[in-house]
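K.L.:
generate coordinates for the sequence data below:
(2 chains)
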Amino acid sequence: MIPETFLENLLKDYPNAPGFYDEVFDENKYIREHYRKITDHLAKIRLEDFQNMNEYARRSSFEQGITFNVYSDTSQGVERIFPFDLLPRIIPAKEWDTIERGLAQRNLALNMFLKDIYNEKKILKDKVVPKELLFSSQHYSKYMMDFVPYSQVYVHISGTDLIRHSDGEYYVLEDNLRTPSGISYVLSNRISTKRILPTLFFNSNVQPVVDYSESLLEVIKSVAPQGVDDPVCVVLTPGVYNSAYYEHALLALQMGMQLVEGRDLYVDHNFVYMKTIHGPKKVDVIYRRVDDDYIDPLAFRPDSTLGVPGLMTAYRQGNVNLVNAPGTGVADDKAVYTYVPDIIRYYLNEEPILKNVHTYRCEKDNDLNYVLEHLNELVVKPVDESGGYGIFIGNKASQQELRDFKEVIKANRRKYIAQPTMALSVHATYIEETGMFEPRHIDLRTFTLSGDRSTYVCKGGLTRVALRKGNLIVNSSQGGGSKDTWVLQDE
Amino acid sequence: MLSRTANSLFWIGRYIERIEHLSRYINVQYLSSSDAPRAFNKQLMLESMLYMAHAWDSYHACNSGMYDNHVVYFLTIDDKNPFSVKNYVGLTRENARGIRNNITTELWESINRFYHTTKGFNRDSLEKKGPYDFCKTVMESTTIIKGVADDTLLHNEAWSMIKTGIHLERAIQITQIILSKLNDIKATGHSPMSQAINSYHWAALLRSSGGLDVSRNFYGGVPPSRERAISFLVLNDKFPKSVLFNLQKLKTDLNIISNNKPITPDCVEFTIGKLTAKMDYCTLDEILNNEEEFVLTLQEDLIQIGVQLEKQYLTY
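P.N.:
Numbers count the residues shown, from 1 in each chain, chains lettered A, B, ... in the order given. Below is the predicted model of the structure:
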């Protein structure tokens, strides 16, 4: 008879990942204090049962329709689920407290920065941030100049990506200030954990994440145009073929808002209306999940069919508010990222609580020289591309590739920044192919909401896992998975 | 409610109902032809299915010859037929996805499951088992979906929009089934029909509309006849599939949608009221005088109601 395998055996056989910070195990392969409760619980589970739980999680996502679609209009598209690992990532209360204060501080400063650069431009006049950097950015929107939205908030929803380096410290990897997505996975991962590991969850004092939709609703209502008592708020989606459609529908459902497409709205005398069965109904706030370029064909891309003609004029007249404001992309530009610590000091007179990854700006002569000399140790990124595309990883390149890329940088210095290779922390993750727990690199997308004089940070977030061994890029479009993220309450 | 949302809800109702009648018709035709009196041949059965589904031309455009496997496949799960049951299920799901936030999780999941179930059928299994298994599964699913809609949605204008689609489509499908059967009867020959064939056709008509059992009960076991079948399907106000019953329901559904606003002669509520009144006071003799023409006109009136309703509420 084959002896039964328990997860205890799997935890004992866990392979180390030298050179990286392991979230679960310390340097001596002891399980860290805040993970003990969960590993004690899991240790007693039979491997076979665990595999069934895994399968159950997968089926549950499929039935709920939480699919990361590769969708086509023949209704026969391939629907894939975003793989979900049952072993949660745990953040102790004290660590989280720092993160939360840091996120609130960072987003407050970024909102002040946006208001300033589109109006008085003090930070540019004081030469803290070079004005060429902003005016050359493709996200600097002339439609936002000399205009302040209600409540002076530009970024109502911000998705800040954090990582933990080998020194054990958290760093901000990037800000996402346009239309960050991923919160639906946070919510559905939590539902799955509660269903599959109920007793463990019940005994673990985990901070809730379900209050996200309520807080978002409050934020959206709080920034309605002045004089509107009971604002009509809607969620604007590009439609069912968008890969994040599930999230748009879920948030609309949970907030009790109408989910609209561009064709449901129109502008008349600079007011926005939606077309209902009983005629037009005025709309006051639009939580739009359509990119800047597509929201108004009269202002931006004329070929867009996803937007609403005349929306920007209605917005500037103050008859409707947009969440997030257009033009916020200028502040999550990778070149502006390097100035965020200076931006925080400038507006708040405080030291930044969260660290920035040290960044070399190729447009500066000293930095360029350093980059050219140390290219094999650095990661070079274009400042204007998202989704993990166009990244050059120095230590994986051949001599010829290094030589070639130096020329590419020199030809377009404004386009590139370089950062030291960050050693993303690893987390034990169940790998189906080997039937073992193995270390995999993770990051953390956090969600911060800013309303009229209020800030909310979702206590948790989306821990993304690079499922391919050794892969440092954790984007979902690059074959990643996710984990439920538990922020513990103080005991 | 957004006009686009209303449009999707209306069509979810229509598609679900159309799917159900189409599946029932295919199933009944297929099964009852196997023990039909000799004068009724298989060829006629297949023609009847295509006639009922308005699929004669599209079938012959991509098939040569009439074989039961081909016709059944074409009408049930053929991707190339835009009006196959499977494609209608796909359209239902697309509509539901687009208005996901306006329906309950229960309703969405029952539609999503329905979609994945029908996707699981293939040509092989259909040919081996015949259409029974497929049609039965489909009819059960539509019944479940309608039950879930009734039991989980708020009974407000959104729910009424689905019901409007269901009741309108059902009335239209019943007229279509009557026309198909009248067509079959004509095709069986000019000679006066024997009692057996006659009774067979009227029983098949009632069975195709899901009303054979209840009509037997209603008529105390007297065998189906032309008079009884037509009267039951058009004028019986207790039979949930009769045209009159559905017209009366349509009136109630639209009351909820229009929020009891005053009715003017140019609105769809007026047209429905007028047709309902006409049917309410219609005698069986008036119909039997020329049933084909009567039912054809009735169907045209129902289709016009759909057109007017779309113009009034669903145009965006």
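K.L.:
top strand in chain A by residue count?
P.N.:
Scanning chain A for the strand with the most residues, using DSSP state E, yields strand A:436-451.
K.L.:
in the stretch 101-250 of chain B, where is pLDDT below threshold?
P.N.:
B:189-196 (pLDDT under 70).
K.L.:
residues from it in reach of chain A?
P.N.:
B:101-102, B:105, B:108-109, B:112-113, B:157 (CB under 8 Å from any CB of the partner chain). Bear in mind the C-beta positions are built from the backbone N, C-alpha and C, glycine included.
K.L.:
please list only the buried members of those residues.
P.N.:
B:101-102, B:108, B:112, B:157 (16 or more other CB atoms under 10 Å in any protein chain shown).
K.L.:
identify the farthest-apart pair in the residues you listed.
P.N.:
B:112 and B:157 (23.9 Å; CB to CB).
K.L.:
so what's the residue count around residue A:125?
P.N.:
10 (other CB atoms under 10 Å in any protein chain shown).
K.L.:
the inter-axis angle of the strand or helix carrying residue A:86 versus strand A:436-451?
P.N.:
In this structure, residue A:86 is located in strand A:84-91 according to DSSP states H and E. Put simply, strand A:84-91 runs at 70 degrees to strand A:436-451, going by axes from the mean of the first three to the mean of the last three CA atoms, to 10 degrees.
K.L.:
please name every helix or strand in contact with strand A:84-91.
P.N.:
Identification of packing neighbours for strand A:84-91 by 3 or more CB pairs under 8 Å, 6 or more residues apart in numbering or on different chains; DSSP states H and E yields helix A:36-43, helix A:47-64, helix A:183-196, strand A:426-431, strand A:436-451, strand A:480-487.
K.L.:
got the CA positions of that strand in CSV?
P.N.:
Output of strand A:84-91 as CSV, limited to C-alpha atoms (Å, rounded to 0.1, in the frame of the first residue of the first chain):
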residue,chain,number,x,y,z
PHE,A,84,-5.9,30.8,-8.3
ASP,A,85,-3.6,29.4,-5.8
LEU,A,86,-5.2,28.2,-2.5
LEU,A,87,-2.3,29.0,-0.2
PRO,A,88,-2.9,32.7,0.7
ARG,A,89,-0.3,35.4,1.0
ILE,A,90,-0.3,36.8,4.5
ILE,A,91,0.7,40.3,5.6
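K.L.:
any idea what residue A:282 is bridged to?
P.N.:
For residue A:282, the beta-bridge partners under DSSP bridges are residue A:273.
K.L.:
residue B:11 reaches residue B:94, doesn't it?
P.N.:
No - at 9.5 Å, residue B:11 does not count as touching residue B:94 under the criterion of CB atoms under 8 Å.
K.L.:
between these two, point out the one with more neighbours.
P.N.:
Comparing residue B:11 with residue B:94 by neighbour count (other CB under 10 Å), the higher total belongs to residue B:11, at 22 against 17.
K.L.:
quick one: the strands in chain B?
P.N.:
Under the criterion DSSP E, chain B carries no strands.
K.L.:
just want the most central residue of it.
P.N.:
By CA atoms, centre = their mean, chain B has its centre lying nearest to residue B:173, at 3.4 Å.
K.L.:
identify the residues contacting the closest residue to it other than its chain neighbours.
P.N.:
Nearest residue to residue B:173, sequence neighbours excluded (CB to CB, 6 or more residues apart in numbering or on different chains): residue B:21, at 4.0 Å. The neighbours of residue B:21, taking CB atoms under 8 Å, 6 or more residues apart in numbering or on different chains as the test, are B:169-170, B:173-174, B:176-177, B:209.
K.L.:
between these, which is closest to chain A?
P.N.:
Nearest to chain A among those: residue B:169, at 18.9 Å, using CB to the nearest CB.
K.L.:
count the neighbours of the closest one for me.
P.N.:
24.
K.L.:
can you give me phi and psi for residue A:353?
P.N.:
Backbone torsions for residue A:353, taken as degrees, to the nearest 10, come to phi -80, psi -40.
K.L.:
where along the stretch 301-450 of chain A do the strands fall?
P.N.:
A:321-323, A:355-356, A:360-361, A:378-382, A:392-393, A:416-420, A:426-431, A:436-451 (DSSP state E, counting those that start in this stretch).
K.L.:
any chance of those in JSON lines, plus mean pLDDT, mean neighbour count and distance to residue B:70?
P.N.:
Converted to JSON lines, these look like this (pLDDT from 0 to 100; neighbours: other CB atoms under 10 Å in any protein chain shown; distance: least, CB to CB, whole Å):
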{"stretch": "strand A:321-323", "mean pLDDT": "97", "mean neighbour count": "25", "distance to residue B:70": "55"}
{"stretch": "strand A:355-356", "mean pLDDT": "94", "mean neighbour count": "16", "distance to residue B:70": "67"}
{"stretch": "strand A:360-361", "mean pLDDT": "88", "mean neighbour count": "20", "distance to residue B:70": "69"}
{"stretch": "strand A:378-382", "mean pLDDT": "86", "mean neighbour count": "21", "distance to residue B:70": "56"}
{"stretch": "strand A:392-393", "mean pLDDT": "86", "mean neighbour count": "16", "distance to residue B:70": "57"}
{"stretch": "strand A:416-420", "mean pLDDT": "88", "mean neighbour count": "22", "distance to residue B:70": "62"}
{"stretch": "strand A:426-431", "mean pLDDT": "92", "mean neighbour count": "23", "distance to residue B:70": "48"}
{"stretch": "strand A:436-451", "mean pLDDT": "94", "mean neighbour count": "23", "distance to residue B:70": "52"}
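K.L.:
of these, which is nearest residue A:46?
P.N.:
That would be strand A:426-431 among those, by CB to CB, at 13.7 Å.
K.L.:
contacting residues for residue 95?
P.N.:
In the absence of a named chain, this looks at chain A. residue A:170.
K.L.:
can you look at chain B instead?
P.N.:
Neighbours of residue B:95 in contact, by CB under 8 Å, 6+ apart: B:8-9, B:11-12, B:15.
K.L.:
ok, now how distant is residue B:31 from chain A?
P.N.:
Using CB to the nearest CB, to the nearest Å, residue B:31 is found at 30 Å from chain A.
K.L.:
residues near the closest residue to that residue other than its chain neighbours, how many?
P.N.:
The shortest distance from residue B:31 to any non-neighbouring residue, by CB to CB, 6+ apart, is to residue B:132 (6.9 Å). Counted with other CB under 10 Å, the neighbours of residue B:132 add up to 12.
K.L.:
quick one: contacts for residue B:132?
P.N.:
B:27, B:30-31.
K.L.:
from those residues, which has minimum pLDDT?
P.N.:
Here the lowest pLDDT out of those sits on residue B:31, with 85.
K.L.:
helices - which of the residues of the stretch 101-250 of chain B next to chain A land there?
P.N.:
B:105, B:108-109, B:112-113, B:157 (DSSP state H).
K.L.:
now do the same end-to-end measure for stretch A:420-439.
P.N.:
The first and last residues of stretch A:420-439 sit 22 Å apart, counting by CA to CA, to the nearest Å.
K.L.:
neighbours of residue B:219, just the number please.
P.N.:
Taking other CB under 10 Å as the definition, residue B:219 ends up with a neighbour count of 15.
K.L.:
tell me which residue lies nearest the centroid of chain A.
P.N.:
Residue closest to chain A centre, computed by CA atoms, centre = their mean, is residue A:159 at 3.8 Å.
K.L.:
what is the neighbour count of the closest residue to that residue other than its chain neighbours?
P.N.:
Closest residue to residue A:159 apart from its sequence neighbours, by CB to CB, 6+ apart: residue A:180 at 2.8 Å. Residue A:180: 22 surrounding residues under other CB under 10 Å.
K.L.:
again with residue A:100
P.N.:
19.
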